[in-house]
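J.: Predicted model and sequence below, questions to follow.
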Amino acid sequence: MLLMKRTIVFMALVFIVIGCTSEPNEVAEQEQFTSQQQIQQENQVFTSERNKSEGKWDSEKNGRKEKTAEEEEEEESEVEASYELNENIWITPIDNANEKVLLLTIDDTPHQYSMEMADTLKELGVRAIFFVNGDLIQSEEGKEKIKQLDEMGFEIGNHTMSHVNLNEISAEEQRAEIKELNALIEEITGQQPRFFRAPYGKNTDISKEVVQEEGMQWMNWSYGYDYFTEYREASALEEVMVNAPELTDGGNLLLHDREWTNKALKNIVTRLQDKGYQFVDPHDIR
Ligand SMILES: [Zn+2]
């Protein structure tokens with residue numbers, strides 16, 4: 001026993017000596033390696049947490065109790081799927097991820113219908129990005145909504161503080177529009193948004209610069225209709241969203257926090273699913 005203790009002490013000393021004499025480069029590399037490992041481990045934890053919650057959604061939806069090994073495997077590969085944002089619009093698969101996908105984005109949130117829309121999506125097991133307007137989260141109620149959306153697993157995006165056309169304000173004002181909202185959202189959710197959408201899709205050189213500085217990506221959309229007068233009615237909106245000529249793989253769908261959109265949401269999603277489309281979890285976009 002004593003001999004063992006001595007051996008351990010000796011071994012420890014040897015390690016310390018070796019550690020001290022190794023090149024700074026190696027140490028740095030080791031540190032890097034460790035932090036990469038940590039990131040991987042953290043990702044695994046995150047993935048398994050998500051697995052749990054997604055599994056819960058599934059079983060709630062289908063009333064299943066047990067999942068077969070095959071289903072577990074299928075779910076695993078779904079979670080590992082990853083995507084990238086292409087040309088600031090399209091969602092394209094990395095490696096073998098399914099390409100018949102769409103991304104749902106909801107702008108001008110959280111106004112009147114966001115929470116109901118979130119409940120509908122949760123029921124359907126579908127995730128989306130909620131692009132937030134800063135002036136809608138000045139109140140405690142607004143803040144609470146964002147917190148809930150984040151906790152429900154939706155991605156929270158930046159849609160500027162006051163929904164201005166960025167082309168019409170100064171460089172300094174543009175910076176403030178984006179950065180102040182980032183700080184506010186981070187205060188509420190603990191995380192800075194990863195995506196930015198300019199009001200009316202009007203990005204500027206300055207806004208692109210700020211977005212890059214803040215480590216975000218900006219995105220426009222491939223189609224949306226709920227702001228056109230003739231589609232401010234649920235069934236018309238449903239039809240056009242499901243049969244739009246712009247509907248293609250990797251499409252980025254724009255919706256808003258509006259009464260008719262809220263009403264049409266469930267059918268839009270299920271009918272697109274019936275067409276074979278899967279909705280991307282924004283967290284899977286790199
Ligand atoms: Zn907007």
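T.: Thanks, I have it.

J.: what are the phi and psi values for Arg194?
T.: phi -100, psi -20 (degrees, to the nearest 10).

J.: can you pull the contacts of it?
T.: Arg194 makes contact with Glu155, Gly157, Gly215, Met216, Gln217, according to CB atoms under 8 Å, 6 or more residues apart in numbering. C-beta here means a position set from N, CA and C on the backbone, and glycine is covered the same way.

J.: what is the mean pLDDT for the longest strand along the chain?
T.: If you go by DSSP state E, the chain has its longest strand at strand 101-109. For strand 101-109, the mean per-residue pLDDT is 98.

J.: Now the following helix or strand past that strand: buried residues?
T.: Using DSSP states H and E, the helix or strand that follows strand 101-109 in sequence is helix 114-124. If you call a residue buried by 16 or more other CB atoms under 10 Å, then helix 114-124 has these buried ones: Ser114, Met115, Met117, Ala118, Thr120, Leu121, Lys122, Leu124.

J.: swap in stretch 176-184?
T.: For stretch 176-184, by 16+ other CB under 10 Å, it's Ala176, Glu177, Ile178, Lys179, Leu181, Asn182, Leu184.

J.: Is there proximity between it and the ion?
T.: No: Stretch 176-184 is not in contact with the ion by CB under 5 Å from the ion; minimum separation 12.5 Å.

J.: Next one: the residue nearest to Gln278 when sequence neighbours are not counted from Tyr223, what distance?
T.: Leaving out its chain neighbours, the residue that sits closest to Gln278 by CB to CB, 6 or more residues apart in numbering is Val101, at 5.1 Å. Using CB to CB, to the nearest Å, Val101 is found at 15 Å from Tyr223.

J.: what's the helix or strand containing Met241 in contact with?
T.: Element membership of Met241 [criterion: DSSP H and E] is helix 234-243. Applying CB under 8 Å, 6+ apart, the contact partners of helix 234-243 are 223, 225-226, 230-231, 253, 260-261, 263-264, 267-268, 271-272, 275.

J.: Show me how to select, in ChimeraX, the buried members of those.
T.: This is how ChimeraX selects the buried members of the contacts of helix 234-243, with burial counted by 16+ other CB under 10 Å:
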select :223,225,226,231,253,260,261,263,264,267,268,271,272
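
J.: From the contacts of helix 234-243, which land in helices?
T.: The helices, defined by DSSP state H, take in Trp260, Thr261, Lys263, Ala264, Asn267, Ile268, Arg271, Leu272 from the contacts of helix 234-243.

J.: For those, give me CSV that also has distance to the ion.
T.: Converted to CSV, the ones in helices among the contacts of helix 234-243 look like this (distance: CB to the ion, whole Å):
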residue, distance to the ion
Trp260, 16
Thr261, 12
Lys263, 19
Ala264, 18
Asn267, 23
Ile268, 19
Arg271, 25
Leu272, 22
